[in-house]
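Colleague: pasting the structure only:
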């Protein structure tokens with residue numbers, strides 16, 4: 001949908017810059033000056049000045065070709081901090097704590113940021129042997145359970161764009177670094193509705209993740225996962241699959257929080 005120039009008129013220069021950021025946030029694409037002029041209807045000199053301001057502030061960044069612009073580090077950090085510190089955090093944390101009590105292992109809420117998975121929240125198990133990963137920690141998308149779930153939501157073009165611009169690092173002897181093999185794994189995730197990381201990121205660690213349904217409905221992509229992590233001596237892939245009903249109940253509860261629906265206590269029982 002084309003953005004009218006009036007939408008970017010605003011009352012102040014700050015609001016006009018904010019409206020331009022909204023254009024970038026609304027689509028998964030990089031914009032050239034010409035494309036932005038066609039999208040917004042604004043004159044190129046005006047857009048050029050706005051882009052320079054946003055680039056100097058770290059909110060947008062120029063791509064390597066020098067012609068296209070994308071979201072900058074500062075803007076991505078802002079989005080992450082909103083997820084980490086929003087007013088729903090307490091309610092989400094209670095759901096996560098209940099899930100840990102139910103399954104007996106450490107659990108995470110995660111989101112995709114750039115090409116990495118960021119931990120928005122985590123509750124540790126009381127078991128003596130565990131892996132410590134704090135909120136704000138980042139893990140690669142290609143060899144993490146949550147990352148595979150997020151990749152499975154994308155179309156092939158989006159997935160290829162994300163994975164092709166950086167080497168797929170091999171963290172363990174189980175890490176899949178071949179794009180073709182990873183695509184087969186993504187197809188399995190799409191069919192099964194969950195993803196496993198079986199010692200692909202850290203030796204001795206198994207993780208299983210499911211998507212938190214979007215509050216907007218099945219047609220909307222979600223950027224939240226719920227995951228369970230444990231040492232392989234306590235959690236095998238077969239045993240992890242037995243946790244899926246509890247994980248899916250937690251995912252539904254998290255989705256209702258984002259939709260501002262009243263909590264269903266029975267769903268958390």
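Modeller: Perfect, I can see it now. Here the structure is a predicted model, which means the values were calculated and not measured.
Colleague: Buried residues of the one helix or strand residue 90 maps to, list them for me.
Modeller: Assigned by DSSP states H and E, residue 90 belongs to helix 89-103. By 16 or more other CB atoms under 10 Å, the buried positions in helix 89-103 come out as 89, 92-93, 95-96, 98-100, 102-103. Glycine gets a C-beta too; all of them are placed from N, C-alpha and C.
Colleague: repeat for stretch 65-73
Modeller: By neighbour count with 16+ other CB under 10 Å, stretch 65-73 contains the buried residues 68-69, 71-72.
Colleague: ok, now stretch 239-258?
Modeller: For stretch 239-258, burial by neighbour count (16+ other CB under 10 Å) applies to 240, 243-244, 246-258.
Colleague: Show residues contacting it.
Modeller: Applying CB atoms under 8 Å, 6 or more residues apart in numbering, the contact partners of stretch 239-258 are 88, 91-92, 95-96, 98-99, 102-103, 105, 107, 109, 194, 196, 206, 208, 210-215, 222, 224, 226, 228, 230, 262-264, 267-268.
Colleague: tell me how far it is from the chain's mean position?
Modeller: The chain centre lies 17 Å from the centre of stretch 239-258; the measure is CA atoms, centre = their mean, to the nearest Å.
Colleague: repeat for stretch 193-203
Modeller: In terms of CA atoms, centre = their mean, the centre of stretch 193-203 is set 17 Å apart from its chain centre.
Colleague: Turn the buried residues of stretch 65-73 into TSV, columns for pLDDT and secondary structure.
Modeller: Converted to TSV, the buried residues of stretch 65-73 look like this (pLDDT from 0 to 100; DSSP: H, G, I helix; E, B strand; the rest coil):
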residue	pLDDT	secondary structure
68	89	strand
69	89	strand
71	86	strand
72	85	coil
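Colleague: any chance of those in TSV, plus distance to residue 116?
Modeller: Rendered in TSV, the data for those read as follows (distance: CB to CB, whole Å):
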residue	distance to residue 116
68	22
69	21
71	14
72	16
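Colleague: quick revisit: any idea which helix or strand comes after the helix holding residue 90?
Modeller: With elements assigned by DSSP H and E, the helix or strand that comes after helix 89-103 is strand 106-113.
Colleague: for that next one, packing partners?
Modeller: Identification of packing neighbours for strand 106-113 by 3 or more CB pairs under 8 Å, 6 or more residues apart in numbering; DSSP states H and E yields helix 73-85, helix 89-103, strand 116-123, helix 145-153, strand 225-231.
Colleague: so what's residue 97 up against?
Modeller: Applying CB under 8 Å, 6+ apart to residue 97 gives the contacts residue 123.
Colleague: now residue 234
Modeller: Residue 234 makes contact with 105, 127, 129 under the criterion CB under 8 Å, 6+ apart.
Colleague: List only buried entries from the contacts of stretch 239-258.
Modeller: Among the contacts of stretch 239-258, those classed as buried by 16+ other CB under 10 Å are 92, 95-96, 98-99, 102-103, 105, 107, 109, 194, 196, 206, 208, 210-215, 222, 224, 226, 228, 230, 268.
Colleague: Would you map the strands across the protein?
Modeller: If you assign secondary structure with DSSP state E, the strands in the chain sit at 31-32, 60-62, 68-71, 106-113, 116-123, 138-140, 195-198, 205-211, 225-231.
Colleague: how far out from the middle of the chain is stretch 47-62?
Modeller: 24 Å.
Colleague: List the buried residues in that stretch.
Modeller: Neighbour-count burial for stretch 47-62 [16+ other CB under 10 Å]: 47, 50-51, 53-54, 59-61.
Colleague: Show me the contact partners of the least confident helix or strand in the chain by mean pLDDT.
Modeller: In the chain, the helix or strand scored least confidently by mean pLDDT, DSSP states H and E is helix 73-85, which has a mean of 79. Where contact means CB under 8 Å, 6+ apart, the residues beyond helix 73-85 that reach it are 21, 57-61, 111, 113-114, 118, 120-121, 135-136.
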